Every structure is written in structure tokens, then in C-alpha cells.
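Novice: Predicted model and sequence follow; I will ask about them next.
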Amino acid sequence: MAEVTLTGLTKTFGANVALNDVTMTIPDGSFVVLLGPTGAGKTTTLRMVSGLDSPDGGRVTIGGRDMAGLAPAQRNVAMVFQQYSLYPHLTVRQNLEFPLKSPILRTPKAEIDRKVGQVAEVLQISHKLDNKATALSGGEMQRVSIGRALVRDPSVYLMDEPLSSLDAKLRADLRVELKSIQADSGATLLYVTHDQIEAMTMATHVGVLDKGKLVQFGPPREIYEAPVSIYAASRLGQPRINVLPADVFGGAPAGASSIGLRPEQIVQGEGEESRVQRVERLGDQTRLHLAFKSHDIVTVTDAHTPLKSGDIVRIRPDKPFYFDASGARLA
Amino acid sequence: MSFSVTEPTNRIKWVAGILVVGYALVTIAPLLWIVATGFKSGPDSIAYPPKVLFEPTLEGYVNLFTDRTRATQDMLDAAGAPRNWYEQIARDQGTVITGASRYGERFLNSVIIGFGSTALCMILGTAAAYAFSRFRVPLKDDLLFFILSTRMMPPIAVAIPIFLMFRNLGLNDTHLGMILLYTAVNLSLSVWLLKGFIDEIPVEYEEAALIDGYTRFQAFYKVVLPQAATGIASTAIFCLIFAWNEYAFAVLLTSGTAQTAPPFIPTIIGTSGKDWPAVAAGATIFLVPVMVFTILLRKHLLRGITFGAVRK
């Protein structure tokens, strides 16, 4: 395992800037999650580290070694793709053996069998080893492709939304499994996702990308509790942070143009009146859609709330975030 | 408009079955007739009304593979008793065998040129198709259109320039010349077909292989080729069928050493009267390799032709 550093990484595709001067250090043994909407540069970052694409500017080092000009095979990285990841003409076992048999590793037969058996057990695919890869269900395929990364002992694991195509239950199971594998082995992992639960539960660090720029990097709680901008604040939190003009509640500091309120920053039962528009009962929690001075606010309330649409609820902000006109947070 | 997804009724199945079998018989009848004629005697082959039932003989095949001359008593005396079954068949027709005919050589030429050009076409076609499919090639669309445009003109339109070119290069009547010519003609088809097949193979597989520790060529060889096998097989069949059956250039450019079977078969007619059984025998044997090749690859062929229609 190794530390990975990105320095001033830049990549453009035609007129489209995919990465803009991204600098980040992925500490040895950390689980770094990249967050951002489609087109933010998450996958491009992975491809730069893997060597599948080369940057227009900037540097990638793995374990202190400059990766410029090195082919993917020479970088000793393992990657799990979002889809299309298994070789369809091979069996599950052959798929898992494939990286071990590469001309770079040339693993002895006994060692291959041991590793494949071990990984198959962890991922619960032992009974499917001799099936054709195409005869598996989506969840099994994705486990095999994660397995194909795990049989190796790479400097860094790169995972591009590996769980996004799975159903909710499997996703939850594999999330726990991946995290425990990573924690046990001390592997360095760079992980791309849209899913904030994955980010919050697995990451030691989260990098927030916006149009190719790294806007914030830090532990997930820090991103959640101290976002640098409206954009970073909107990446995490369910329901999303409410952003309103700064003056709706009064008391905004100078220069503030909007106020950001997560559900826990809205105190109910005090302050100004708002009207309940809709009550969404999710089971473990209930969401309230409120109309407040022609603005919409979504917050969370007691699961067994007696509130119904048309009711009046008083709300007051509690330690809210203030943002300036550019969206940056005011300290 | 609604479409029925229920199982067709038995009556419809019967009607469909009869239609299919009927159509198959109509299309296969000339073929069966050729095969049958190959086993007929000379008189049976031109009998009127045509004979469906006849006494089979290997006369046609013996005549196909041998040169014979009309036997005089002196010759018969000199030759003595027939030494084997085919000499016997020749004697029965009042001839003696003077040597082997050219058919064997011509057939072998067809095999060398047909399979040789198909192999070369597959190697070049797969490499070019892979490059067009995966790499940024300057003027890619123009090049692809240019390659396709070589197909728009009937090849025989350039027969005379090719004839002159071949003469100057000393390629007239050589195996190499014919292999190069058929490869050139087929290459446009194979590049286009194969590019389509390779386009369908997601690039992620190769990227996965690159990351798994393989070079680009190894990734191509271990991951792309096995998945393109279907496309390569069906393209190879199309190329072979063209090269195998090609007649016009073979007549123009070959006369001896490299002559293929198609221009040779008609010449059998003239050698000793209208020997239809020998012609039919020559045609029958000529059919076999392409049939065997197609049957061997038929699993791929069916999948190949419908490739891309169904998301796998």
C-alpha cells in the first residue's frame, strides 16, 4: 500500500475542462471518496491515477514514485469499473485469476489457487467459480469484479461507483464488507460515488469536486459540518440543505447573501410561522415540506408527528451557515 | 396494431413447415442435380426425359482427374489388362488413361488462394478495424469512406489496369498475385464488418486488462480477439466465398501455375466431347470446402449476422 499524491492535475477534452488544477494527498491506508455530480471529474481523476488517461498538466505519484509515462500495468493499481467489468468469455475463476496470471505478476499456480479461493470465500462466490461470467446475476458480477481487484496486492485500489448498479440490500451488505476489508488490510482506496451514505460510512476522507476543481477535502464529518460553499454543503445531507435568501430570518451577518439550513439547524416550535404543505412518512423519520415566506423548506421531524398539511409550524434557525454571493461560506 | 405473442397453432406450424421445406427443395434442387450428375454415366447425363433414378458410376470423377485418349487396339495391346478400378472405368468407355488431369492442381490453387487471401484479409482487417474503432486516427471518417468506396465500383471495372500492373510486376499467374488481389477486394468489406463488431465490444474490457497488468497488445489478444471471434468467423466466411467463387479475374490473370478451379472447370467440357458428369464432379468437389468451412463456423455465423440486433 502506498500514499498517492496528485499535484496540479489538469485535463481537458476538447473545450471541456475535466480537471482543473487538482491537488490532493491520499494518505497511505486511507479510504478517500470523491463526490460530485456527473461531469465533476471524479472518473477522470481515477483514470489519471490508473494511467488509462494521461494528464495535460500536473503530476501523479504513488508511493513517492512519479507515474508520468508509466502504463497502467506498471503502476500496480487495481480498478473496479462501474459496469462491463467481467471478461465475458472467461469463467468466474479465470476472471479472478486473470490479473494474477499477468506477465507482470506471473503468480505460481498454488498461490493463485489460494488467493482466488480466499477472495471467493470473502465475497461468497465460491460456489460460482466455474460458472461462465455471463451466467451470473448483476450482484454476483459486481462481487467478482471487486474480487478481481482484491486478489491482487496493489498500491492503491480505484473504484468507480462499484455499487451503483446493485439493489439496495446488496449495496448495504457490500458497503459493510468493503469497509471491513479495507480496514483490515490497511489498503489505500480511492472511491467514486454519488451515494452520500457510502461516502459518510466508508470514507476516512472526502474530496468534493466541482467542474474539475477540488473544492473541499477532509473527513466526511468536516465536509458535513463545515462545508466551504453551498455546493459542498449540498453534496451531503438527506434531505438536502435548504438554501434561502440570507435576510428571511433577519440577523444575517454583513456580506451574507444566502442562509443554509440543514434539518438539524431548524428548531421547530419557536420563531416564525410556516405552513406545512406535505408530510412524507418514511418510517424511521418524517419529512416536512414547509412553505415559509414564499420559500420551500424541507426538514425532518418526529416519525410519529401529528402534523398534517395545512398546519402551522413555528421555525427558527439554529447556528445556520451563511454564504456570500459567490456561494462561499462566511466563517 | 397488436402482435400476438402466443404459441402459433399447429396448423400454422404445418403450413410454415411445408413452405420452408418446399422452398428449401426448390433452392437445393439444382445443387442435388449437379451432385447426381457427377455420378451419372455420359449417356445418362444427357438422357431425355432426364433420369432421376440411374445406375451410379464414378466415370465422371475418373474423367475429371485423368487425361485419356481414345484407345486403339495397338494401345490396348501395349497397355495390357487394366491394373486398377479407375483404369477399368476408362477402358469401359473405350479410352486409356494417359496421365493425371490438371484438376487436382487447380483445386489446390483454389485452396491456397482462397484460404490464403481470407487469412491475410482477416489479419489486416482485424488490425485496421481495431485501430479505427479504438484510436484517434486523423481523417478517420474520410478514410473509412474511402475504404468503403473501393467497394462501390465493380472490381472488374479496373480489370485492365490491374492486368497491366500485374504484368509489369510479374504477378500474372502467380499465387501471390491472386492472394493480394482478392485480399484487396475483400479488405473493404472486412474492415467495415469487423469495425462494427469491435465497436460493440466495450472498451472497458481492454482497460480492465491494461490495469490487470497486460500490455495493449496482450489485452487485444486475450480480451478483444476472443470476443470478436464471432465477427471474425462470419467475416471470414464472406471473404472466403468471394475469393473461392471469383471467376472473372481468375480467367483474366491466371492461365497455368496459379489457375483456380472456377476457370478450369468449364475447360473440361472441351477436352473430350461434352463430358457433363466430369464437369458436375468438378463442381461437386469444388463445393465441399466452403460448405465444410461454413458448417464448422455456422454457430458463429448465425450469431454474427444477428450481432448488434440484440443487446447481450
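Specialist: Everything's here; your move. What you are looking at is a predicted structure, and each value in this text was computed from that prediction instead of being measured.

Novice: What about A:Val323, how many residues nearby?
Specialist: Rather than Val, residue A:323 is Phe. 24 (other CB atoms under 10 Å in any protein chain shown). From N, CA and C alone the C-beta is placed, and that goes for glycine too.

Novice: That one reaches A:Pro227, doesn't it?
Specialist: No. At 9.2 Å, A:Phe323 does not count as touching A:Pro227 under the criterion of CB atoms under 8 Å.

Novice: Make sure B:Arg68 is indeed in a strand.
Specialist: Yes. Under DSSP: H, G, I helix; E, B strand; the rest coil, B:Arg68 falls within a strand.

Novice: can you list the domains in the chain?
Specialist: Because you didn't say which chain, this covers chain A. If you go by automatic domain parsing, the domain ranges for chain A are A:4-234, A:238-323.

Novice: please go with chain B instead
Specialist: Domain assignment for chain B by automatic domain parsing gives B:1-101, B:104-305.

Novice: Out of those domains, which one sits most buried?
Specialist: Mean neighbours per residue, mean count of other CB atoms under 10 Å in any protein chain shown, is largest over the domains of chain B for domain B:104-305, with a mean of 18.

Novice: Let me see the mean pLDDT of that one.
Specialist: Taken as a whole, domain B:104-305 carries a mean pLDDT of 90.

Novice: and the spatially most central residue of chain A, backbone torsions?
Specialist: Centroid-nearest residue in chain A, with CA atoms, centre = their mean: A:Thr193, separated by 3.3 Å. With angles defined as degrees, to the nearest 10, A:Thr193 sits at phi -160, psi 160.

Novice: Look up how far B:Ala208 lies from the residue in the stretch 51-200 of chain A positioned nearest to chain B.
Specialist: Nearest to chain B in the stretch 51-200 of chain A, going by CB to the nearest CB, is A:Ser102, at a distance of 3.0 Å. Here A:Ser102 is placed at a distance of 11 Å from B:Ala208 (CB to CB, to the nearest Å).

Novice: and what of A:Thr45?
Specialist: Where B:Ala208 is concerned, A:Thr45 sits at a distance of 18 Å (CB to CB).

Novice: looking at the domains of chain B, which is closest to A:Phe81?
Specialist: domain B:104-305 (5.2 Å; CB to CB).

Novice: near chain A, which residues of chain B?
Specialist: Residues of chain B that fall close to chain A, judged by CB under 8 Å from any CB of the partner chain: B:202, B:204-205, B:207-215, B:218, B:223, B:226-227, B:312.

Novice: In contact with A:Glu264, which residues?
Specialist: Residues counted as contacts of A:Glu264 (CB atoms under 8 Å, 6 or more residues apart in numbering or on different chains) are A:300, A:318.

Novice: do that again at 10 Å, thanks
Specialist: A:237, A:299-300, A:318-319 (CB atoms under 10 Å, 6 or more residues apart in numbering or on different chains).

Novice: same deal with A:Ala203?
Specialist: In this structure, A:Ala203 makes contact with A:30-35, A:179, A:189, A:191, A:193, A:218-221, A:223, judged by CB under 10 Å, 6+ apart.

Novice: next one: phi and psi at the closest residue to it other than its chain neighbours?
Specialist: In space, A:Ala203 comes closest to A:Val33 once its chain neighbours are excluded; the distance is 3.9 Å by CB to CB, 6 or more residues apart in numbering or on different chains. Reported as degrees, to the nearest 10, the phi and psi values for A:Val33 are phi -110, psi 130.

Novice: Given the longest strand along chain A, what are its sheet partners and their directions?
Specialist: For chain A, the longest strand by residue count, based on DSSP state E, is strand A:266-281. Next to strand A:266-281 in the sheet, as set by DSSP bridges, lie strand A:286-292 (antiparallel), strand A:312-317 (antiparallel).

Novice: From A:Leu190, how far out is the residue nearest to A:Ala203?
Specialist: A:Val33 is 8 Å from A:Leu190, by CB to CB.

Novice: Same check on B:Val292?
Specialist: According to CB to CB, B:Val292 stands 54 Å off from A:Leu190.

Novice: Next: B:Gly94.
Specialist: Counting by CB to CB, the gap from B:Gly94 to A:Leu190 is 89 Å.
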